[in-house]
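**Q** show me the folded form of this:
(4 chains)
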There are 2 protein chains.
Amino acid sequence: MAQGNDPAHAFAPHDHAACQARGLDEAEARLARQGAKLTPVRRRTLEILLEAHRAMGAYEVLDRLAEDGFGKQPPVVYRALEFLVQHGLAHRLQRLNAFAACAHPGHEHAPVFLICRSCNRVAETEAAPVRDRLSKAAQAHDFTVERATIEAVGLCGTCAEAGRA
Amino acid sequence: MAQGNDPAHAFAPHDHAACQARGLDEAEARLARQGAKLTPVRRRTLEILLEAHRAMGAYEVLDRLAEDGFGKQPPVVYRALEFLVQHGLAHRLQRLNAFAACAHPGHEHAPVFLICRSCNRVAETEAAPVRDRLSKAAQAHDFTVERATIEAVGLCGTCAEAGRA
DNA sequence: GGTTGACTTGTTATTCTGTAACATGGGAAG
DNA sequence: CTTCCCATGTTACAGAATAACAAGTCAACC
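**A** Next up, the predicted model:
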């Protein structure tokens, strides 16, 4: 896995160009396999998320799309985002009412998000053990988990060292 | 703990009057200790959440407050809800943009929510092991978790048995 | 070639969610 | 009884999301 998409480096400086290119490449490969199309709006939406390399509000993405000549009405961006989320190329962050490009597309996964309240960057990790425990806890309530939102807010190492408590 | 507030029974029929009364009693005791006041709006807001015994949107609560002669503008309900959340008497459900009365106030806790997509009821559980795993996963990223949102969507036992898949 | 039908995009309008900023009023501390 | 804090009320607005409809694109099929 390229360093740029390694969640272990999400909070550290890295080669943005590389992780953007990789994101687009993986997206196209993935969609080709699924028989879905990465149309211009969708592609540009993904690019915007990859370029930003952070969580963005839908309307922030919409403004950028409008600059590039796409429609400037909410449904344009919500449809593109929904498509990307459904195909595992982006994620929705409930806590922020925002969206972020998937840090490691290419396989099914149910991510856990780490959101730094100081620099607003978001790391994405698998954390299967967390979900295992969640399923076990749910079993005690006779509850079957289908999807789960797991989002932590806190301080990343870089901001902690910089004293931005 | 009273059956009405036992999270293990959250999805089963139980004595609502008892769990409402208990909720209000615990709230007043808790606030008295903290030197905070359960004013009329706040008290009524909590009552509404307890009566509903499910997650409610802020504007739904606001309508009920207005019926009782309180202000009918959004800040009225958002302030009351913020107060209840800060004092551990209610929780916010990010996934639903909604609020619910705390199922077991009286001590600090970081809950995990189980949301049934069929009957919309919400169970609240502690699940410390889930949070432990989350903290461990975060450590690997040099990230310190301060607060975490853990919300599962799925099917409760009652709905599963009834075939509401 | 022409037509059908699925999919995508664009647009209008509206609803839901949340907050900033300011005015008013009541009640405890001094 | 006055001062000040806190709670409430109100206006106005910003941000997030979706419903419903119109129109274009493109491949498959006759």
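**Q** could you use CA atoms for every contact and neighbour count after this?
**A** Will do.
**Q** and A:Arg33, how far is that from B:Arg79?
**A** Distance from A:Arg33 to B:Arg79, counting by CA to CA, to the nearest Å: 49 Å.
**Q** who has more neighbours, those two?
**A** The residue with more neighbours, out of A:Arg33 and B:Arg79, is B:Arg79; 13 against 8, by other CA atoms under 10 Å in any protein chain shown.
**Q** does that one belong to a helix or a strand, and which?
**A** helix B:74-86 (DSSP states H and E).
**Q** give me the residues contacting the helix or strand just after that helix.
**A** Where DSSP H and E defines the elements, the next helix or strand beyond helix B:74-86 is strand B:90-93. Contact with strand B:90-93 is made by B:46, B:55, B:81, B:84-85, B:98-102, B:151, as judged by CA atoms under 8 Å, 6 or more residues apart in numbering or on different chains.
**Q** hmm, 10 Å instead?
**A** A:94-95, B:27, B:45-46, B:49-50, B:55-57, B:81-85, B:98-105, B:110-111, B:113, B:115, B:122, B:124, B:149-151 (CA atoms under 10 Å, 6 or more residues apart in numbering or on different chains).
**Q** measure stretch A:57-74 end to end?
**A** Using CA to CA, first and last residues of stretch A:57-74 are 11 Å apart.
**Q** meant to ask about stretch A:75-94
**A** 19 Å.
**Q** quick check: mean pLDDT of that stretch?
**A** Averaging pLDDT along stretch A:75-94 gives 96.
**Q** adjacent strands (with direction) for the biggest strand by length in chain A?
**A** Assignment by DSSP state E gives strand A:144-156 as the longest strand of chain A. Looking at strand A:144-156 with DSSP bridges, its partner strands are strand A:112-116 (parallel), strand B:143-155 (antiparallel).
**Q** residues in contact with the nearest residue in space to A:Val145 that is not next to it in sequence?
**A** Counting by CA to CA, 6 or more residues apart in numbering or on different chains, B:Gly154 is the residue found nearest to A:Val145 once chain neighbours are left out, at 4.5 Å. Neighbouring residues of B:Gly154 by CA under 10 Å, 6+ apart: A:138, A:143-148, B:114-118, B:120, B:160, B:165.
**Q** identify the bridge partners of B:Gly154.
**A** Under the criterion used here (DSSP bridges), B:Gly154 is bridged to A:Val145, B:Cys116.
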